[in-house]
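S.K.: Can you look at this prediction? I've put the sequence above it.
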Amino acid sequence: MDYYKKGSDIVLRQKDLDLGQTLDCGQAFRWEKAGDDTYTGFFLRKALTVSQKDDIFTFRDTTEEEFLGIWADYFDLMRDYGELKERFSEDETMRKACGYAPGIRLLRQDAFECAVSFVISQNNNIPRIKGIIGRLCERFGGFPEKEQLYGMDADDFAFLRAGFRGKYLADLCSRLESGETDIDAISALPTDEARKELMKVKGIGPKVADCIMLFGMDKCDAFPKDVWIKRVMAEYYPQGMPLCTKGCEGIAQQYLFHYIRTGVKT
DNA sequence: TTCCAGGCGTATC
DNA sequence: GATACGCATGGA
């Protein structure tokens, strides 16, 4: 990873990354297009404006410490996606999916934020998910720390207009407060055990649990099966995902999800 | 008006 | 364990 400082910016050359494909594909909900090839968004309480010109990326108003300590991990810059896609492409459908949106990457996000976000995401659409999370962040001046949500019941979440999901958020918060659910402890568990723990929370089923693990706990073998992926599986992978995706099924899932949702009509 | 949205809880078999 | 059904809200 070669980068250099330019004024108050960090400039970086990076292959296999497209901001639009990565920031606007339904894995994160706090990024907005701020101009041609420019996006503004947040991770935890850090704001960032980043722009792309071909394979040159400019992280604006960012210190070297912040870039290395936060954004390099967030954008998963240390992982070789070229090699990964080459491996995936042994499978014909995966080859097409990787070719359709070759700039997709996994965003390595925060587990608590993912828990809240993907509880909200169920039976919902992306624009409305963004709206609900926007109202949450507006109320708390940024995405809340989990402690700020302690003690909130379903009615306290009414301002979100999240519908029936408000009571799920309340259960999540009360479990975090009591310690019945411990995000850090769950992160340290193997995927299958972590999934079981997460699903003890009302409103977290198999799909949401796998989203939390994949996007927020760095578990690339987590494999969220939403309606779109179920369609792909039924049509192309009735026997399960191909061997070439083993261990990284979640990343493969990102390419497939985007491909089937926006790329092909079946 | 009706249908749908990155599902899940509950009831029922 | 598999399968139906309701669920809050808002946009198409």
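M.R.: Here it is on my side, so go on.

S.K.: C-alpha only now, for contacts and for neighbours.
M.R.: OK.

S.K.: isn't A:S187 right up against A:M217?
M.R.: Yes - here A:S187 reaches A:M217: they are 5.6 Å apart, a contact under C-alpha atoms under 8 Å.

S.K.: out of the two, which sits in the more crowded spot?
M.R.: A:M217 (25 against 19; other C-alpha atoms under 10 Å).

S.K.: Next up, the contacts around the more buried one.
M.R.: A:108-111, A:187 (C-alpha atoms under 8 Å, 6 or more residues apart in numbering).

S.K.: how about the residues of the stretch 151-266 of chain A near DNA strand C?
M.R.: A:158, A:161-164 (C-alpha under 7 Å from any atom of the strand).

S.K.: Swap in 10 Å and give it another go.
M.R.: A:155, A:157-167, A:203 (C-alpha under 10 Å from any atom of the strand).

S.K.: Show the overlap between these and what lies near DNA strand B.
M.R.: Among those, DNA strand B is touched by A:163-165, A:167, A:203 when using C-alpha under 10 Å from any atom of the strand.

S.K.: Which of those sits closest to DNA strand B?
M.R.: The nearest member of these to DNA strand B, counting by C-alpha to the nearest atom of the strand, is A:G203 at 3.7 Å.

S.K.: Could you report the neighbour count for the nearest residue to that closest one once chain neighbours are set aside?
M.R.: Distance criterion C-alpha to C-alpha, 6 or more residues apart in numbering; nearest residue to A:G203, sequence neighbours excluded, is A:Y168 at 5.0 Å. Per other C-alpha under 10 Å, the neighbour tally for A:Y168 reads 18.

S.K.: mind listing what A:Y168 touches?
M.R.: Contacts of A:Y168 (C-alpha under 8 Å, 6+ apart): A:119, A:154, A:201-203.

S.K.: TSV for those residues, including pLDDT, neighbour count and secondary structure?
M.R.: What follows is the contacts of A:Y168, written out as TSV (pLDDT from 0 to 100; neighbours: other C-alpha atoms under 10 Å; DSSP: H, G, I helix; E, B strand; the rest coil):
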residue	pLDDT	neighbour count	secondary structure
A:V119	98	26	helix
A:A154	98	16	helix
A:V201	98	22	coil
A:K202	98	16	coil
A:G203	98	24	coil
